[in-house]
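**Student:** Sequence first, predicted model second:
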Amino acid sequence: MLYEQELKTFVEGTTNFFEVAAQQPASIGSPYLMEGSPAVHEYTGVINISGKREGVVYFTAPKAMLTVLLMKMQENDFSHETMKDLVGEVANTISGNARRDFGRDFVISVPSVLSGEKPQIPQKPGVRSFIIPINWRSHSAKLIVSLT
Amino acid sequence: MRNGKAVAKNGGKRTLKLMIVDDSNIMRRRIERSQRFEQLELVGTAGNGLEALELFKKTDPDVVTMDITMPQMDGIECIARLVAMKPAVRILVVSALADKATAVEAMERGANGFLNKPFTDRQLNEAIAELVR
């Protein structure tokens, strides 16, 4: 069960990521409850959570957004491998930053990355998932948080 | 594991050898591009703790930037092993893990500084400057 204050932690983490790493703020929408299977973009970075909480945090974004993000980070490699690296790093950074509020027993895995049109997103049965919409420049992405 | 260049002298000052450890290629390149210290010379980069130990033995770096969450061997364990091999090594942890307990543990294992991801170039350079001072 996720509480409003806990969701705020992820909203703040996402806001901070774009402000600092991309040097351009994103517009972060209000979190809402996910119904059914998640609609994901071309690249999805997945962090498994264990310890005092269990579940998954994932960041999903289209290639076009990741390309611009890489440019803003002065990266000049836009290969498939670099896109995967980036979505994993974004998911890892936002999840790792959440330990400021959740504490060290909020254990995060190394990122795994899914790509393609309809990847299988891991979901824990009976656990509610929340979607945090992210709009940055002309692009849309999502952070999805699903925790016990 | 990627070996870097040999170490040169810098106007009579000893050049410090730098090793970058992070499982993200993007982050390794970012740190490599951002660091602007003439007295630092990159001797190699590693993608996890085990690679870092191997590279450390080959290149004997003086300064290390170290991620924590990595496959095979994490940064916390790697720090302790590097310090056991070379107590004078200076280690800057560069990690997304933002809880105080992790920072304290890293420092207790022998790290000298802690920089949270995400970071600006300025924050990175200030953290490295503090480390090599």
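**Tutor:** Yep, that arrived.

**Student:** and the residue of chain A positioned farthest from its centre, what does it touch?
**Tutor:** Distance from the C-alpha centroid of chain A peaks at residue A:76, with 22.7 Å (C-alpha atoms, centre = their mean). Residues near residue A:76 by C-beta atoms under 8 Å, 6 or more residues apart in numbering or on different chains: none. In this view, the C-beta of every residue, glycine as well, is placed from N, C-alpha and C.

**Student:** same question, residue A:130
**Tutor:** A:2, A:7, A:31, A:32, A:33, A:34, A:144, A:145, A:146.

**Student:** which stretch of helix or strand covers it?
**Tutor:** Following DSSP states H and E, one finds residue A:130 within strand A:129-136.

**Student:** on that earlier part again, give me the three-state assignment for the residue farthest from the centre of chain A.
**Tutor:** coil (DSSP: H, G, I helix; E, B strand; the rest coil).

**Student:** ok, the residue lying closest to residue B:103 once chain neighbours are set aside to residue B:131 distance?
**Tutor:** Using C-beta to C-beta, 6 or more residues apart in numbering or on different chains and skipping the chain neighbours, the partner closest in space to residue B:103 is residue B:114 (4.6 Å). Applying C-beta to C-beta, to the nearest Å, the value for residue B:114 to residue B:131 is 11 Å.

**Student:** pLDDT wise, what is the residue nearest to residue B:103 at?
**Tutor:** pLDDT recorded at residue B:114 is 96.

**Student:** Give the bridge partners for it, please.
**Tutor:** Beta-bridge partners recorded for residue B:114 (DSSP bridges): residue B:93.

**Student:** Relative to chain A, how far out is it?
**Tutor:** Residue B:114 sits at a distance of 12 Å from chain A (criterion: C-beta to the nearest C-beta, to the nearest Å).

**Student:** Just give me the neighbour total for the single nearest residue of chain B relative to chain A.
**Tutor:** Chain A sits closest to residue B:96 of chain B, with a gap of 2.8 Å, by C-beta to the nearest C-beta. Residues within reach of residue B:96, counting by other C-beta atoms under 10 Å in any protein chain shown, total 26.

**Student:** got it, and residue B:46?
**Tutor:** Neighbours around residue B:46, by other C-beta under 10 Å: 25.

**Student:** Skipping its backbone neighbours, what lies nearest it in space?
**Tutor:** The nearest residue in space to residue B:46 (C-beta to C-beta, 6+ apart) is residue B:52, at 4.0 Å.

**Student:** Check which element follows the one helix or strand the one you found maps to along the chain.
**Tutor:** Residue B:52 is part of helix B:49-59, with elements assigned from DSSP H and E. Following helix B:49-59 in sequence order, the next helix or strand is strand B:63-66 (DSSP H and E).

**Student:** tell me the mean pLDDT over the very next helix or strand once past that next one?
**Tutor:** Remark: after strand B:63-66, the chain's next helix or strand is helix B:75-85, criterion DSSP H and E. Average pLDDT, helix B:75-85: 97.

**Student:** one step back: give the partner strands of the strand holding residue A:130 in its sheet and their orientations.
**Tutor:** For strand A:129-136, pairing defined by DSSP bridges yields strand A:27-28 (antiparallel), strand A:32-33 (antiparallel), strand A:139-147 (antiparallel).

**Student:** avg pLDDT for that strand?
**Tutor:** On average, strand A:129-136 scores 95.

**Student:** In this structure the residue of chain B closest to chain A contacts residue A:96, no?
**Tutor:** Yes - between residue B:96 and residue A:96 there is a contact under C-beta atoms under 8 Å: 2.8 Å.

**Student:** Show me whatever sits in contact with both of these two.
**Tutor:** B:69, B:117.

**Student:** what helices or strands is the helix or strand containing residue A:8 leaning on?
**Tutor:** Element membership of residue A:8 [criterion: DSSP H and E] is helix A:4-21. With contacts defined as 3 or more C-beta pairs under 8 Å, 6 or more residues apart in numbering or on different chains; DSSP states H and E, helix A:4-21 has these neighbours: strand A:27-28, helix A:80-97, helix A:99-102, strand A:129-136, strand A:139-147.
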